[in-house]
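J.: Take a look and give me a structure for this.
(one chain, ligands or ions: 1)
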Amino acid sequence: LADLKLPEGFSWGVASSSYQIEGAAKDEGKGPSIWDLLSHRIPGLIADNSTGDVVGSHYWLYKQDIARLANLGIPRFSPSISWPRIFPFGKGPVNAAGVAHYDDVIKTLVEAHVKPSVTLFHWETPLALFNEYGAWNHPQIVDDYVAYAQFVISRYDEYVDEWFTINEPQHCNWQFSTYPAGEYYPAYDGITGGIQSRYLCGHHTLLAHAKVAKWYHDEFHGRGRITFKNSGNYFEPNTTSEGDLDAAQRQYDFVLGWFGGPWAEDGDYPQSLKDTLGDLLPAFTDEEKELIKGSCDFYAIDPYTSYTAYEIDGGSAACAANQSNPAWPECAGSVSLEGNGFPIGPAGDQGVSWLYDTPTGVRRFLSKITKELFPSVPDIVVTEFGFAEPFEGELDSLQTILWDLRRADYYQSYLDNILAAIYNDGVNVTGAWGWAIFDNFEWFAGSKVRFGLQYVNYTSLERTPKASMFQFLNWFKEHE
Ligand code: BGC
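T.: The predicted structure follows:
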């Protein structure tokens, strides 16, 4: 592997999202998003009760952050834009200060020769739209999102050659709505609680994405490529028994297949979802299926880890790949693919119990997606991968924090396996981006879970590259 070079034009860099790094939650006219509500109003919902109010303060420090990327020789950055900074109420009046801010961020990136790949929605649903009609649970969200997306794309397409409409719609609707608030604020529960709203949310994200993608190519004649980012991990059947094979397949159907319409011949949901979910799964019209089919220019996946899938108690046919319906048995256990792997965090308050260090899984997964699940995919980009130590948030010696050998090893091994997927398995992987540019707000797990390639001191806001950053950069130096 040491002598192999990445294919010409391979796109790489680092990624993050607005709420996780910007801070400045109430500054310069930003409207509230559901995450401002979730992080402030419900004690205990975020593991360490932290919020995105300040975090790395990238909103104010973007110039130095971009200069750092340029100095390190990182060619691409994948940030997201905050919808309620552009439209504080989700629609209606534009916030000129927010627009001026992103104008300058894009300009600064371009001048520094760091190419932006931009995500339009990374879970910051404007609270106003949630309060008005339940946001992603209501068909009105489609037009409101399309108007926002068109505004941003029209303004920056000259400088942006890769657009992601939605980050990981598979997280509908926990991260997309105030559903968790339902437990504490019953008023919210009616519109967001339960499995039905999960599939409604997914339905509307697909339509919103597809409408924007169609407009982008057919009317706007955009100069770049457009897709959405998938959340999904590799599932190795535990044995070749039919039950275990079915368990793995259910995982794929309910996670990737759910959003596989753009690659399906009929633009629709997999039959297994329709059979299992019945009326809980909304139906697309023929016109909508046509719209969805072919609406992604490439496949984007965030494959952090892998699991073994196995049948539990003779697992019923209704077994789903998620825990959204408590009545259904789980169909895959959280055991590491590697045997010698480990969950890198204890289950519970550190919130990373889902993450195992399974480098060979990513290689198999890339083949699985492009050869078996969606053979019409032209190329695939690993839009996020990364690692968090369970204890990193607790360490007090800066030297120990920066000497993050397990993360460094994770990056080295994952990248080697991506290279093997390209050369040994013939998969057309065209990019890979590390998560994250620096430590950031890890949603329900809070700020103690640190995914950064750079350490952030949350008091001084100083950033310091960790050993893993240099390992990551050296890997690309060797293979470019
Ligand atoms: C999300 C990120 C998150 C990362 C690590 C991805 O699913 O897009 O926002 O920080 O996983 O959990």
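J.: separation between P359 and E372?
T.: 20 Å (Cβ to Cβ, to the nearest Å). All C-beta atoms are positioned from the backbone trio N, CA, C, and that covers glycine.
J.: How many residues are close by the nearest residue to A15 once chain neighbours are set aside?
T.: Once flanking residues are discounted, A15 sits nearest to S78: 3.8 Å by Cβ to Cβ, 6 or more residues apart in numbering. Residues near S78, counting by other Cβ atoms under 10 Å, number 29.
J.: cool, and A15?
T.: When neighbours are defined as other Cβ under 10 Å, A15 has 25 of them.
J.: That one contacts T383, correct?
T.: Yes: taking Cβ atoms under 8 Å as the definition, A15 is a contact partner of T383 at 6.7 Å.
J.: what residue ranges in the protein score low on pLDDT?
T.: 174, 178-195, 311-353 (pLDDT under 70).
J.: all strands for it, in order.
T.: Under the criterion DSSP state E, strands of the chain are mapped to 11-15, 76-78, 115-119, 162-167, 225-231, 234-237, 299-302, 306-309, 332-333, 380-385, 429-435, 454-456, 463-465.
J.: Redo those as CSV? Include distance to the ligand.
T.: Formatted as CSV, the strands of the chain follow (distance: least, Cβ to the nearest ligand atom, whole Å):
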stretch, distance to the ligand
strand 11-15, 8
strand 76-78, 10
strand 115-119, 9
strand 162-167, 5
strand 225-231, 5
strand 234-237, 15
strand 299-302, 5
strand 306-309, 15
strand 332-333, 18
strand 380-385, 6
strand 429-435, 6
strand 454-456, 14
strand 463-465, 17
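J.: Save these as JSON lines, and put in distance to R68 too.
T.: Output for the strands of the chain, formatted as JSON lines (distance: least, Cβ to Cβ, whole Å):
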{"stretch": "strand 11-15", "distance to R68": "10"}
{"stretch": "strand 76-78", "distance to R68": "10"}
{"stretch": "strand 115-119", "distance to R68": "15"}
{"stretch": "strand 162-167", "distance to R68": "22"}
{"stretch": "strand 225-231", "distance to R68": "24"}
{"stretch": "strand 234-237", "distance to R68": "33"}
{"stretch": "strand 299-302", "distance to R68": "23"}
{"stretch": "strand 306-309", "distance to R68": "32"}
{"stretch": "strand 332-333", "distance to R68": "39"}
{"stretch": "strand 380-385", "distance to R68": "20"}
{"stretch": "strand 429-435", "distance to R68": "14"}
{"stretch": "strand 454-456", "distance to R68": "8"}
{"stretch": "strand 463-465", "distance to R68": "7"}
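J.: Can you give me every residue that contacts the residue nearest to A15?
T.: In this structure, S78 makes contact with 13-16, 116-119, 162, 164, 383, 433, judged by Cβ atoms under 8 Å, 6 or more residues apart in numbering.
J.: 10 Å instead, please
T.: Counting by Cβ atoms under 10 Å, 6 or more residues apart in numbering, S78 makes contact with 11, 13-17, 115-119, 122, 162, 164, 229, 300, 381, 383-384, 431, 433-437.
J.: With D161 instead?
T.: By Cβ under 10 Å, 6+ apart, the residues touching D161 are 11, 76, 115-118, 222-225.
J.: Which residue is the nearest non-sequential neighbour of the closest residue to the ligand within the stretch 1-150 of the chain?
T.: Of all residues in the stretch 1-150 of the chain, S17 sits closest to the ligand, with a separation of 5.3 Å (Cβ to the nearest ligand atom). Sequence neighbours aside, H122 is the residue nearest to S17 in space, at 3.6 Å (criterion: Cβ to Cβ, 6+ apart).
J.: so that neighbour makes contact with I81?
T.: Yes: counting by Cβ atoms under 10 Å, H122 touches I81, with 8.5 Å between them.
J.: Name the residues contacting each of those two.
T.: Common contacts of H122 and I81 (Cβ under 10 Å, 6+ apart): 17-18.
J.: mind checking which of the strands of the chain is nearest G393?
T.: strand 454-456 (10.9 Å; Cβ to Cβ).
J.: Now the residue lying closest to P84 once chain neighbours are set aside. Its backbone dihedrals?
T.: Distance criterion Cβ to Cβ, 6+ apart; nearest residue to P84, sequence neighbours excluded, is G31 at 3.9 Å. With angles defined as degrees, to the nearest 10, G31 sits at phi -90, psi 160.
J.: So which residues on the stretch 101-250 of the chain come close to the ligand?
T.: Applying Cβ under 6 Å from any ligand atom, one finds that the stretch 101-250 of the chain approaches the ligand through 167-168, 231.
J.: one step back: neighbour count: P359 and E372, which is higher?
T.: Legend: neighbour count by other Cβ under 10 Å for P359 and E372, higher for P359 (23 against 9).
J.: contacting residues for that one?
T.: By Cβ under 10 Å, 6+ apart, P359 lies in contact with 305-306, 337-338, 341, 385, 409-418, 420.
J.: Greatest separation within the contacts of D161: which pair is it?
T.: R76 and G222 (18.2 Å).
J.: What segments of the stretch 301-450 of the chain are helices?
T.: According to DSSP state H, counting those that start in this stretch, the stretch 301-450 of the chain carries its helices in the segments 359-367, 398-402, 405-423.
J.: Turn those helices into JSON lines, including distance to H101.
T.: Shown next, in JSON lines, are those (distance: least, Cβ to Cβ, whole Å):
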{"stretch": "helix 359-367", "distance to H101": "35"}
{"stretch": "helix 398-402", "distance to H101": "31"}
{"stretch": "helix 405-423", "distance to H101": "31"}
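J.: Point out the most buried one among those.
T.: helix 359-367 (a mean of 23; mean count of other Cβ atoms under 10 Å).
J.: Output it as PDB - backbone C-alpha positions only.
T.: In PDB, the C-alpha atoms belonging to helix 359-367 read as follows (Å, rounded to 0.1, in the frame of the first residue of the first chain):
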ATOM      1  CA  PRO A 359     -11.000  -0.300   9.800                       C
ATOM      2  CA  THR A 360     -11.600  -3.300   7.600                       C
ATOM      3  CA  GLY A 361     -15.300  -2.700   7.800                       C
ATOM      4  CA  VAL A 362     -15.100   0.500   5.900                       C
ATOM      5  CA  ARG A 363     -13.400  -1.300   3.000                       C
ATOM      6  CA  ARG A 364     -16.100  -4.000   2.800                       C
ATOM      7  CA  PHE A 365     -18.900  -1.400   3.300                       C
ATOM      8  CA  LEU A 366     -17.700   0.700   0.300                       C
ATOM      9  CA  SER A 367     -18.000  -2.400  -1.900                       C
END
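J.: orientation of it relative to helix 405-423 in degrees?
T.: Interaxial angle, helix 359-367 versus helix 405-423 (axes from the mean of the first three to the mean of the last three Cα atoms, to 10 degrees): 30 degrees.
J.: and the end-to-end length of stretch 213-225?
T.: 9 Å (Cα to Cα, to the nearest Å).
J.: about what we covered before: of the helices of the stretch 301-450 of the chain, which is nearest the ligand?
T.: Nearest of the helices of the stretch 301-450 of the chain to the ligand, taken as Cβ to the nearest ligand atom: helix 405-423 at 12.9 Å.
J.: Which secondary structure elements does that closest one sit against?
T.: helix 359-367, strand 380-385, strand 429-435, helix 467-479 (3 or more Cβ pairs under 10 Å, 6 or more residues apart in numbering; DSSP states H and E).
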